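Undergrad: Everything below, folded, please.
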Amino acid sequence: MIRETAFEIKRIRFDENYHPSDRTRLTTNFANLARGESRQKNLRNVLRMIDNRFNGLAHWDNSMGDRYSVELEIVSIEMDLAFAGKNDSFPLIEVLYTTIVDQKHNKRIEGLAGNSFSSYVRDYDFSVLLPNYNKDKTEFSVPHNYGDLHGNLFKSVVNSTAYKKNFKKLPVICLSVSTNRTYHRTENQHPVLGVEFEQREFSLTDQYFKKMGMEVRYFMPKNSAAPLAFYFFGDLLSDYSTLELISTISTMESFQKIYRPEIYNANAAAADCYKPSLKHQDYSNTRIVYDREERTQLATAQGKYTEENFIEPYHHALEQWSASYAA
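TA: Below is the predicted model of the structure:
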């Protein structure tokens, strides 16, 4: 049985000297940026983008636009495999943790855990299990228990002693909106998150995060090109401070401008009725090198790694645990 003490949290600073560890998922945005000839320039530029965006949103008492900077840590959560009789661990998920540095008052302010979200089991579910399940089908569908194991593992992590010792609040994860859905602008507007958008049918990613216990809302912050999807527990608008939310927006919008410039670095903002598209041509490229094709290939490779080293060898034990956890 998986104990709630079965998780170990490791943290590493994400700065211009960052090198991905051997156990880091290489499909993560930050790992992709930190390889190759342009690695240090990439890292320096993306960190500058984040700081500039933060100061643009936190503009009060900040006339020079340089009061704040954001420090990032990559948080890796590993799971002890003792429940299956093995003296080893598996690198389960990775998120980012933000710390806000107020240079005017020379103090450090805790930000949020979450932001980005990387998961080996999610790679398996989306890049191995789902394609295989639909291989000979004429109409796309998902298995009846799709995402159950991953969702229960994630809920177990955020309820664990290890998570609570490291972080005061539950995570907020901020991702791109789906290119398979249409989003409609509402009259609701938040001072930091911006204009809220809605959609009539949840995407597969939205449904997957629902299995993780998280709700979703879509907001387009001021001066953004498109709405972002915010996944959260509780009340997104009242459980988190203004600076915490700005740290998430500035971090993840910067990554999305690099990863999906057709959407988040478009030269015109999203219309009231908005359907995101990666075929959109009117956008600007950042000066940061990012290999999107390699990222897709690695997702499949790492999904297969998960199948061979986690799902298949521990299938029975994981299935039993997931069923008892849900009950």
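Undergrad: quick one: the closest residue to residue 82 other than its chain neighbours and residue 124, what's the gap?
TA: Of all residues beyond its chain neighbours, the one nearest residue 82 is residue 6 (7.1 Å), with distances taken as C-beta to C-beta, 6 or more residues apart in numbering. Yep, even glycine has a C-beta here, placed from its N, CA and C like the rest. Between residue 6 and residue 124 the distance, using C-beta to C-beta, to the nearest Å, works out to 19 Å.
Undergrad: between the two, which one's more packed in?
TA: Neighbours around residue 6 and residue 124, counted as other C-beta atoms under 10 Å, are more numerous at residue 124. The numbers are 24 against 19.
Undergrad: pretty sure the more buried one is touching residue 303, no?
TA: Yes - with contact defined as C-beta atoms under 8 Å, residue 124 and residue 303 form a contacting pair (4.4 Å).
Undergrad: residues contacting residue 263?
TA: Taking C-beta atoms under 8 Å, 6 or more residues apart in numbering as the contact definition, residue 263 lies against 176, 177, 179, 225, 226, 256, 276, 277, 278, 280, 283.
Undergrad: okay, these in a markdown table with neighbour count and pLDDT next?
TA: A markdown table is the format used below for the contacts of residue 263 (neighbours: other C-beta atoms under 10 Å; pLDDT from 0 to 100):
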| residue | neighbour count | pLDDT |
| --- | --- | --- |
| 176 | 20 | 96 |
| 177 | 28 | 96 |
| 179 | 15 | 93 |
| 225 | 21 | 97 |
| 226 | 23 | 98 |
| 256 | 22 | 93 |
| 276 | 21 | 96 |
| 277 | 11 | 95 |
| 278 | 12 | 92 |
| 280 | 18 | 90 |
| 283 | 17 | 93 |
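Undergrad: Can you flag which of the residues you listed belong to helices?
TA: Judged by DSSP state H, the subset of the contacts of residue 263 located in helices is residue 256.
Undergrad: what would the contacts of residue 263 look like in a markdown table with distance to residue 209?
TA: Listed next are the contacts of residue 263 as a markdown table, based on distance: C-beta to C-beta, whole Å:
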| residue | distance to residue 209 |
| --- | --- |
| 176 | 13 |
| 177 | 13 |
| 179 | 17 |
| 225 | 23 |
| 226 | 19 |
| 256 | 17 |
| 276 | 17 |
| 277 | 22 |
| 278 | 21 |
| 280 | 25 |
| 283 | 27 |
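Undergrad: out of the contacts of residue 263, who's nearest residue 43?
TA: For residue 43, the nearest member of the contacts of residue 263 is residue 256. The distance, counting by C-beta to C-beta, is 16.8 Å.
Undergrad: ok now do that closest one, which residues does it touch?
TA: For residue 256, the contacting residues are 176, 228, 263, 264, by C-beta under 8 Å, 6+ apart.
Undergrad: can you pull up the bridge partners for the second one?
TA: Each beta-bridge partner of residue 228 is listed here: residue 176, residue 219, as defined by DSSP bridges.
Undergrad: where does the stretch 201-327 of the chain have low pLDDT?
TA: 289-296 (pLDDT under 70).
Undergrad: Would you state the helices of it in chain order?
TA: Taking DSSP state H, counting those that start in this stretch as the test, the helices found in the stretch 201-327 of the chain are 204-211, 242-259, 261-264, 292-306, 315-326.
Undergrad: How much space separates residue 268 from residue 282?
TA: Computed as C-beta to C-beta, the residue 268 to residue 282 distance reads 6 Å.
Undergrad: picking that back up, the residue nearest to residue 82: what's it in contact with?
TA: Under the criterion of C-beta under 8 Å, 6+ apart, the neighbours of residue 6 are 79, 80, 82, 83, 160.
Undergrad: From those, pick the one nearest residue 113.
TA: Using C-beta to C-beta, residue 160 is the member of the contacts of residue 6 that sits closest to residue 113, with 12.7 Å.
Undergrad: My guess is that closest one contacts residue 7. True?
TA: Yes - the pair formed by residue 160 and residue 7 meets the contact definition of C-beta under 8 Å, at 4.9 Å.
Undergrad: and the helices of the stretch 201-327 of the chain as a markdown table, adding distance to residue 172?
TA: Formatted as a markdown table, the helices of the stretch 201-327 of the chain follow (distance: least, C-beta to C-beta, whole Å):
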| stretch | distance to residue 172 |
| --- | --- |
| helix 204-211 | 11 |
| helix 242-259 | 6 |
| helix 261-264 | 18 |
| helix 292-306 | 23 |
| helix 315-326 | 23 |
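Undergrad: Comparing these, which stretch has the densest surroundings?
TA: Ranked by mean neighbour count, these are led by helix 242-259 with a mean of 24 (mean count of other C-beta atoms under 10 Å).
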